[in-house]
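Trainee: Below are the sequence and a predicted model for it; my questions follow.
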Amino acid sequence: DAGVIQSPRHEVTEMGQEVTLRCKPISGHNSLFWYRQTMMRGLELLIYFNNNVPIDDSGMPEDRFSAKMPNASFSTLKIQPSEPRDSAVYFCASTTGTGDRSYGYTFGSGTRLTVV
Amino acid sequence: GQSLEQPSEVTAVEGAIVQINCTYQTSGFYGLSWYQQHDGGAPTFLSYNALDGLEETGRFSSFLSRSDSYGYLLLQELQMKDSASYFCAVRGGYALNFGKGTSLLVTP
């Protein structure tokens, strides 16, 4: 298995522009998570999908952020309009069930977003 | 609410043993997990403890005491490649909440 695949690896954009991050989870995993990592705040959960349905989006910072999972093999995280404070590494992770078992989460390589 | 506390930095010598502690507060406990992250890389799953005691996986062991809301990760025979950040995590709601991480530096 190729693991969790995220694209792009790096994104530099100007403030006010729309940014779309993409994720392909591991086949057969029914849970997908988007996390954001910064030095100040660490790893923060943004949203959790189970069987393609958003279950918990309480971590989405504001209306500028939206996420979709149209099918079991694809998810997007969109920021519109982007702001410099959105600069961070965005990780997608997938697992079976809730992940608090002996197999844990599998994370993608992340997207390093820089908003200038 | 939830909180996880772990030291921000630890330094150890190659070949030595190091212990990274984690204390947590959570309303519902489903187990303590540990993840490793190298600079510029993704977090990778190391271990999971649901019950009290020690779980061993090669050079790494993880311990849990539910009564003390405490756990630790033990790394033995340290190698240079073990220099990384280590995160403890507990489930809050539907997903894992991660500590701020412990940066481990292994020196020659």
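Mentor: Here it is on my side, so go on.
Trainee: C-alpha from now on. contacts and neighbour counts both.
Mentor: Noted.
Trainee: For the residue found closest to residue B:108 once you drop the neighbours it is linked to in the chain, give its distance to residue B:77.
Mentor: Once flanking residues are discounted, residue B:108 sits nearest to residue B:14: 5.3 Å by CA to CA, 6 or more residues apart in numbering or on different chains. As judged by CA to CA, to the nearest Å, residue B:14 and residue B:77 stand 7 Å apart.
Trainee: Looking at these two now, which is surrounded by more residues?
Mentor: Between residue B:14 and residue B:77, residue B:14 has the larger neighbour count (other CA atoms under 10 Å in any protein chain shown), namely 18 against 13.
Trainee: need the contact list for the more buried one.
Mentor: Counting by CA atoms under 8 Å, 6 or more residues apart in numbering or on different chains, residue B:14 makes contact with B:77, B:78, B:79, B:80, B:106, B:107, B:108.
Trainee: let's see 7 Å
Mentor: B:78, B:79, B:80, B:106, B:107, B:108 (CA atoms under 7 Å, 6 or more residues apart in numbering or on different chains).
Trainee: tally of neighbours for the second one?
Mentor: Neighbour count for residue B:79, taken as other CA under 10 Å: 16.
Trainee: Go ahead and confirm it touches residue B:17.
Mentor: No - using CA atoms under 7 Å, residue B:79 is not in contact with residue B:17; the gap is 10.0 Å.
Trainee: so of the contacts of residue B:14, which ones are in strands?
Mentor: Cross-referencing the contacts of residue B:14 against strands under DSSP state E gives B:106, B:107.
Trainee: Quickly name whichever of the contacts of residue B:14 is closest to residue A:60.
Mentor: Checking the contacts of residue B:14 against residue A:60 by CA to CA gives residue B:106 as the nearest, at 36.2 Å.
Trainee: Quickly list what that closest one is bridged to.
Mentor: Residue B:106 has the following beta-bridge partners by DSSP bridges: residue B:12.
Trainee: so it makes contact with residue B:13?
Mentor: Yes - if you go by CA under 7 Å, residue B:106 and residue B:13 touch, sitting 5.4 Å apart.
Trainee: Show me what from chain B comes close to chain A.
Mentor: By CA under 7 Å from any CA of the partner chain, the part of chain B that sits against chain A consists of B:30-31, B:41-45, B:47-48, B:91, B:94-95, B:98, B:100.
Trainee: Please name whichever of these scores lowest on pLDDT.
Mentor: When the residues of chain B next to chain A are compared by pLDDT, residue B:94 scores lowest at 79.
Trainee: Which helix or strand contains the residue nearest the centre of chain A?
Mentor: With distances taken as CA atoms, centre = their mean, the residue of chain A nearest its centroid is residue A:34 (2.9 Å). Here residue A:34, judged by DSSP states H and E, is contained in strand A:31-38.
Trainee: What pairs with that strand, parallel or antiparallel?
Mentor: In the sheet, strand A:31-38 lines up with strand A:42-50 (antiparallel), strand A:88-95 (antiparallel) (DSSP bridges).
Trainee: Go through the ones you listed and pick out the most buried.
Mentor: strand A:88-95 (a mean of 26; mean count of other CA atoms under 10 Å in any protein chain shown).
Trainee: neighbouring contacts of that strand?
Mentor: Looking at strand A:88-95 with CA under 7 Å, 6+ apart, the contacting residues turn out to be A:4, A:23, A:25-26, A:29-38, A:104-114.
Trainee: Done for today, thanks.
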